[in-house]
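Trainee: Let's see this in three dimensions:
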Amino acid sequence: MLYLVRTPAAPLSAFVANLWCFSDVPSHAKERIVPSGTLELVINLHEDEFRIYGNPSLPDCTRFSGAMVSGAYSRYFVIDTREHASILGVHFKAGGALPFLGLPLGLLADTHVELEALWGPGVRELRERLCSARSAQRRFQILEQALLLRLACPFRAWPAATFAVESLASGEKVRRVARELALSERHLITLFTAHIGLNPKLFARVERFQRALRQIAGH
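Mentor: Numbering: from 1, shown residues only. Now for the predicted structure:
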């Protein structure tokens with residue numbers, strides 16, 4: 001099994017938690033991906049396809065091309081583990097995907113979308129370059145360059161996004177966060193969903209779930 005992680009330098013570090021590559025084919029055919037509350041950009045370097053299942057016991061799946069974006073999920077989804085043979089990804093910080101995708105992140109909640117639908121036909125060439133690269137470090141460099149090009153496009157940031165995320169992640173109530181920001185609850189929900197990808201209550205619920213997983217893993 002190969003698993004490598006790279007933390008990008010500024011300015012990407014303000015938006016991207018890490019870039020990662022993974023190579024493994026587990027013995028089990030399917031695997032549940034638990035919700036993280038953040039978005040992921042993933043590229044399958046082994047085959048030009050992703051297969052996403054809503055129920056691990058059913059054979060039906062939704063097929064996507066080999067480069068896609070996984071929106072912020074509030075529930076689990078299931079993948080075909082054959083895709084683990086060679087996969088590359090970008091793990092965005094909460095709200096960090098906004099400048100790279102060019103649409104309100106709430107539109108991608110609990111869903112997947114092909115990257116080409118967001119970035120255009122140049123995605124095919126990008127995937128080919130990544131497949132042809134001879135090392136994981138070179139693939140990271142190519143992907144970082146692609147992200148920097150997208151970051152050069154203007155976008156409207158929400159200055160209070162970090163405060164809202166950290167407050168809700170620490171257990172603060174939506175009403176109190178709204179009051180701290182001098183916003184109505186409805187306005188906070190609208191802003192938070194567009195910039196983070198889930199509404200505040202769902203995000204806080206996923207954060208509690210992730211915190212429980214970390215505590216279990218620490219024992």
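Trainee: so what does the longest strand along the chain touch, helix or strand wise?
Mentor: In terms of residue count, the longest strand belonging to the chain (DSSP state E) is strand 16-23. On a contact count with 3 or more C-beta pairs under 8 Å, 6 or more residues apart in numbering; DSSP states H and E, strand 16-23 meets strand 2-6, strand 87-92, helix 136-151. C-beta here means a position set from N, CA and C on the backbone, and glycine is covered the same way.
Trainee: And the ones you listed: which comes nearest Ala182?
Mentor: Proximity to Ala182 (C-beta to C-beta) singles out strand 87-92 among these, at 27.5 Å.
Trainee: And for the next helix-or-strand element following the closest one, what's in contact with it?
Mentor: Per DSSP states H and E, the first helix or strand lying C-terminal to strand 87-92 is helix 98-101. Identification of contacts with helix 98-101 by C-beta atoms under 8 Å, 6 or more residues apart in numbering yields 15, 39, 41, 69, 92, 105, 108, 118, 147, 150-151, 153, 155, 157, 195.
Trainee: Apply 7 Å and report the result again.
Mentor: 15, 69, 105, 118, 147, 150-151, 155, 195 (C-beta atoms under 7 Å, 6 or more residues apart in numbering).
Trainee: Can I get the buried part of those residues as one ChimeraX selection?
Mentor: Entered in ChimeraX, the line below selects the buried ones among the contacts of helix 98-101, by 16 or more other C-beta atoms under 10 Å:
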select :15,69,105,118,147,195
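Trainee: from the contacts of helix 98-101, which has minimum pLDDT?
Mentor: Within the set of those, pLDDT is lowest for Phe155 (82).
Trainee: if I pick that one, what's in contact with it?
Mentor: 98-99 are the contacts of Phe155 under C-beta under 7 Å, 6+ apart.
Trainee: give me the element it is part of.
Mentor: Using DSSP H and E, Phe155 falls within no helix or strand.
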